[in-house]
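Asks: Dropping the sequence and predicted coords here.
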Amino acid sequence: MNLKRITSAGLALTMTAALGVSALAADKPEGWTPADGARGPMLISANPNAGGYDKVITVNGQAVESFEFSKDVPGWGSEQVTLQFSEIPNVPAGYVPLRAVIQADKGSAYWDSAENTGSFYHECGQIVVSFDDMSILVEDEKVEDAEALLLEGVTYVPVSVLEKLEGITVTDKSTDDGESFEITTPNGTPLMMMASSIMETAEMGRGMKSSIEEMEQFWGEAHGFKAEYMTEGVAFMPMMTSPDTLVLGKFDEDNLDALKESLESYRKQQEETFTWYLGQNLPKVQAAQFVTEGDWFMFLIAENVDEGVKTFQAAVAEMDAE
């Protein structure tokens, strides 16, 4: 991938960011957190890349134009804030706002005030930025010849850093009219796009993602589940305080009954649990549905199962029509 060369002005900005972050941290307003993107003072008085962020970013085909973060409010707690790209500083060529990209693909960010670092979590791995020297770690390995930028509380990294996470690719679509980057991740497959849509419309919490092989490890002994029951698929398993579960994929025709029986066994176990524990979740479990459409199936425990079923059916119909 050929990224545009950082100009001398941009390089000066990078150096200023690396040298000025300690002073910024010491002089930050109450509640300011670098990884959150909370609005703080500029690192330099004159930004050679002045203006709102103007680079075009897509993640799995969806345009990214804003991001959210939780900002501390003294004496109150915190509030959710949304920043549009037009509201954050522009930066040298090849840099992207890291939180915006990570969160656009279901990741998260955390600022460690004691270590003065920002950790950006994605299912493909972790990126850590040190705000002391603006160094970047990917999966605990330092990225040589690359530095992060911190402007007005927003953390930027060279877009090439993202490709160091296995499974993420970046295509540079820049032209003379401006920079543009297409970012693809494992969540961009038809299966994962369908799963995300179902969880959103069903108002389901996003639990632990598991492959069909991992499902056999978790459910094999207790519920008789085998990976061979599915030709492809994914599961999102719940946390202890919620029964929310999604199992989605294509079934093996010879094992459809066995698949349904194993998932019903799991549902019954959840029903027994929530009969005596956090009983407000029991109606969800009792309303669970196992449905098929063509050679696809879905098992769902969620707040709004009926809407999840509609989304599943529409997604399969759309794929069949292509």
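Replies: Perfect, I can see it now.

Asks: only C-alpha atoms for contact and neighbour calcs from this point on.
Replies: Fine.

Asks: Which of the three states applies to the closest residue to S242 other than its chain neighbours?
Replies: What sits nearest to S242 in space, not counting adjacent residues and going by Cα to Cα, 6 or more residues apart in numbering, is N281, at 7.0 Å. Classification of N281 by DSSP: H, G, I helix; E, B strand; the rest coil places it in helix.

Asks: how much space between the spatially most central residue of the chain and T185?
Replies: When Cα atoms, centre = their mean is applied to the chain, the residue found nearest the centroid is K106 (1.9 Å). K106 sits at a distance of 11 Å from T185 (criterion: Cα to Cα, to the nearest Å).

Asks: same question, L150
Replies: L150 is 25 Å from T185, by Cα to Cα.

Asks: picking up where we left off before, ok, the residue nearest to the centre of the chain touching H122?
Replies: Yes - counting by Cα atoms under 8 Å, K106 does reach H122; the two are 7.3 Å apart.

Asks: tell me the contacts of the residue nearest to the centre of the chain?
Replies: Going by Cα atoms under 8 Å, 6 or more residues apart in numbering, K106 touches H122.

Asks: residue ranges with poor pLDDT in this protein?
Replies: Under the criterion pLDDT under 70, the flagged ranges of the chain are 1-50.

Asks: Please, where are all the helices along the chain?
Replies: 8-26, 98-104, 190-201, 212-223, 256-276, 282-286, 305-321 (DSSP state H).

Asks: Export those helices as a markdown table, with columns for distance to K71 and mean neighbour count.
Replies: Output for these, formatted as a markdown table (distance: least, Cα to Cα, whole Å; neighbours: other Cα atoms under 10 Å):
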| stretch | distance to K71 | mean neighbour count |
| --- | --- | --- |
| helix 8-26 | 16 | 17 |
| helix 98-104 | 14 | 23 |
| helix 190-201 | 24 | 19 |
| helix 212-223 | 37 | 16 |
| helix 256-276 | 35 | 17 |
| helix 282-286 | 33 | 19 |
| helix 305-321 | 32 | 16 |
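
Asks: Of those, which is nearest M134?
Replies: Nearest of these to M134, taken as Cα to Cα: helix 8-26 at 5.4 Å.

Asks: Quick check: end-to-end length of stretch 75-89?
Replies: End-to-end distance (Cα to Cα), stretch 75-89: 29 Å.

Asks: Just the buried positions in that stretch, please.
Replies: 83, 85, 88-89 (16 or more other Cα atoms under 10 Å).

Asks: ok, so of those, who is nearest F290?
Replies: L83 (39.5 Å).

Asks: I figured the closest one hits E68, correct?
Replies: Yes - counting by Cα under 8 Å, E68 is a contact partner of L83 at 6.3 Å.

Asks: ok, the residue nearest to S242 - how many residues close by?
Replies: If you count neighbours by other Cα atoms under 10 Å, N281 ends up with 21.

Asks: Please list all residues in contact with it.
Replies: 242-243, 274.

Asks: thinking again about what came up before, tabulate the helices of the chain (JSON lines), appending distance to A114.
Replies: Below are the helices of the chain laid out as JSON lines (distance: least, Cα to Cα, whole Å):
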{"stretch": "helix 8-26", "distance to A114": "12"}
{"stretch": "helix 98-104", "distance to A114": "20"}
{"stretch": "helix 190-201", "distance to A114": "35"}
{"stretch": "helix 212-223", "distance to A114": "36"}
{"stretch": "helix 256-276", "distance to A114": "39"}
{"stretch": "helix 282-286", "distance to A114": "41"}
{"stretch": "helix 305-321", "distance to A114": "42"}
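
Asks: nearest to E79, of the ones you listed?
Replies: Going by Cα to Cα, the one of these nearest E79 is helix 98-104, 17.1 Å.

Asks: Check the offset of that closest one from the chain's centre.
Replies: Distance, stretch centre to chain centre, for helix 98-104: 7 Å (Cα atoms, centre = their mean, to the nearest Å).

Asks: Can you list the helices and strands that that helix packs against?
Replies: strand 62-64, strand 66-73, strand 108-112, strand 117-122, strand 154-158 (3 or more Cα pairs under 8 Å, 6 or more residues apart in numbering; DSSP states H and E).

Asks: Quick check: which of those is buried the most?
Replies: Mean neighbour count (mean count of other Cα atoms under 10 Å) peaks for strand 154-158 among the helices and strands packed on helix 98-104, with a mean of 22.

Asks: Thanks a lot, see you next time.
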